[in-house]
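1. got a sequence here, can you build the structure:
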Amino acid sequence: MMDILDKAIAIETGVNRLADALGVRQNVISNWKKRGIPRPWLLVLQLLYGKHTGPDPDDSQVLPLAKEVDRE
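-> Below you'll find the predicted structure:
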């Protein structure tokens, strides 16, 4: 079964494109593959690339929130 990170990479057609889409460096994505995804980013990936019902999330609000929480 494909996990959310693999699904996001597949949808974006590569690690570099996923990193660009999320506004992070490529090595951040590689670290997530090795060490696990921090919870704020996991929620972002689930919202953006997972199955969900309702309207699509607003990227302009979701991504900055994850980045801010990730810094704490």
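
2. could you look up the SS state of residue 24?
-> Under the three-state scheme (DSSP: H, G, I helix; E, B strand; the rest coil), residue 24 adopts coil.

3. how about the helices in the protein?
-> 4-12, 15-22, 26-35, 39-49, 59-71 (DSSP state H).

4. can you put those in TSV and add mean neighbour count?
-> (Glycine included, C-beta is placed from N, CA and C.) What follows is the helices of the chain, written out as TSV (neighbours: other Cβ atoms under 10 Å):
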stretch	mean neighbour count
helix 4-12	17
helix 15-22	17
helix 26-35	14
helix 39-49	18
helix 59-71	13
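
5. pLDDT-wise, which helix or strand of this structure ranks last?
-> Here the helix or strand of the chain ranked lowest by mean pLDDT, DSSP states H and E is helix 59-71, holding a mean of 59.

6. wait, isn't residue 45 in contact with residue 8?
-> Yes - contact between residue 45 and residue 8 holds when scored by Cβ atoms under 8 Å: they sit 5.3 Å apart.

7. any residues in contact with both of these two?
-> Here residue 45 and residue 8 have no joint contacts, going by Cβ atoms under 8 Å, 6 or more residues apart in numbering.

8. brilliant, that's me finished.
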